[in-house]
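Novice: below: sequence and its predicted model.
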Amino acid sequence: MDEIQYASDWDRWLKVYYDTKPKWKVVATGSASPKLIEGVKESGVGRWTVVCVPTLSFYEFCEILGAEERPKDLPHLDLRELLSFNDHQISELVFLLMPLQKYFNRYLMVGGFPEFVFLEDWFLIQRILREDVVDKVIKRDIPSLFNVRNLTVLEKVFLYLCFNSSSVINISTISKQIENVSVTTIENYIHLLENTNLIYRSLPIELGGKKILKAKPKIYISDPAIRNAVLMIDNLFTDSKELGITVETAVFKHIYSFYSEENVKIGYFRKPTDNQKEIDIVAQFPNGKSLIEVKFREDSTPAENDAIVQICQKEKDIISAVLITKRAEDYGRLELSAKVPIIKIPAFVFMYLFGRK
């Protein structure tokens, strides 16, 4: 049953089927997860489960593509286990996954949508994403399910978030730039875009006793291909800034999805002083934190005063630290005198390993 949230009393009917048809197996899909969760709370407790399905990971992309180079018997990695990997083990992983690098650029372009895996027409892909994904959610799902009337403002908010994906946003700034719409309205629209799976919201995580005075969210578009389509980016691989945003967005999505069913908070860290130095992604586990910095460029070596280096030199509760790099040969432990070693892993290797569950 597709887009079940549009059927009246759908949760009550599913309850009837569940109670009277014990041999039936029902799968229902819907793009508006709040409505599905609401139905579970009212009628489905103990009867059915809501499973959030993100777009394809790089691993799943290669599976659907049927890439012959896929290695078998790879270890199941976890951020909490990275410290136990030495340079030789990391080198073996990179060597095994090296043949898959040729599919990585394609993944960044078409994103995690199964119907595009074999499609070669980039402009058609972008048009379908704009019309069948973005427009339907913004112009159909949100207005009909959440009674939003000012679609022009909603579209402008989403466009603003696309331009500023992977950046920390200021709600007051958005409010002033978009027709002086109230801060409350902007916050509500961002909440709806998150609940209809168009964006992820990353909140700041405290490190080293640094208090968070005001929690400004960092926004990621849920799939980098959506952002590229909305902004009509067709020169991704000749624009280093846009490519960096795309890779960071994809890395965040992989980490967020990988730990979605665990008690793990995914956010970011920014120093309130010292030029507001930032760590792109922080995974907060019950027993400590893992740090992830995306350095998708030719020279990934961080400076001694970079936030990730300073935190690894000082803090006690850091479980692991990772630099996501661009070049396949750019991997291994950084030669730094830190309490926690920083491990470099190429982006395609990292996303393949953290795209499996």
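Specialist: Received the coordinates, thanks.
Novice: which residues does the closest residue in space to S240 that isn't next to it in sequence contact?
Specialist: The shortest distance from S240 to any residue other than its chain neighbours is 6.8 Å, reached at R297 (Cβ to Cβ, 6 or more residues apart in numbering). (Each C-beta comes from the backbone N, C-alpha and C, glycine too.) Contacts of R297 were listed using Cβ atoms under 8 Å, 6 or more residues apart in numbering, and they are S240, G244, K326.
Novice: contacts only, for the second one.
Specialist: Each residue near G244 by Cβ under 8 Å, 6+ apart is listed here: V294, F296, R297.
Novice: and these, which of them are in strands?
Specialist: V294 (DSSP state E).
Novice: turn the contacts of G244 into TSV, columns for pLDDT and distance to S144.
Specialist: Shown next, in TSV, are the contacts of G244 (pLDDT from 0 to 100; distance: Cβ to Cβ, whole Å):
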residue	pLDDT	distance to S144
V294	96	37
F296	95	39
R297	91	44
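Novice: dump the contacts of G244 to JSON lines, plus distance to E3.
Specialist: Below are those laid out as JSON lines (distance: Cβ to Cβ, whole Å):
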{"residue": "V294", "distance to E3": "35"}
{"residue": "F296", "distance to E3": "36"}
{"residue": "R297", "distance to E3": "42"}
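Novice: low-scoring stretches of the stretch 201-350 of the chain, by residue?
Specialist: 208-214, 273-276, 337-338 (pLDDT under 70).
Novice: how about the strands in it?
Specialist: Shown for the stretch 201-350 of the chain, the strands assigned by DSSP state E, counting those that start in this stretch span residues 218-221, 265-270, 278-285, 288-295, 318-325, 332-333, 342-346.
Novice: what packs against the fifth one?
Specialist: Just to be clear, that refers to strand 318-325. strand 288-295, helix 307-314, strand 342-346, helix 347-353 (3 or more Cβ pairs under 8 Å, 6 or more residues apart in numbering; DSSP states H and E).
Novice: do the same with the second one
Specialist: Applying 3+ Cβ pairs under 8 Å, 6+ apart, one finds that strand 265-270 contacts strand 199-204, helix 240-258, strand 278-285.
Novice: repeat that with 7 Å
Specialist: strand 199-204, strand 278-285 (3 or more Cβ pairs under 7 Å, 6 or more residues apart in numbering; DSSP states H and E).
Novice: would a markdown table of these with mean neighbour count and distance to Y18 be doable?
Specialist: Output for the helices and strands packed on strand 265-270, formatted as a markdown table (neighbours: other Cβ atoms under 10 Å; distance: least, Cβ to Cβ, whole Å):
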| stretch | mean neighbour count | distance to Y18 |
| --- | --- | --- |
| strand 199-204 | 19 | 32 |
| strand 278-285 | 21 | 36 |
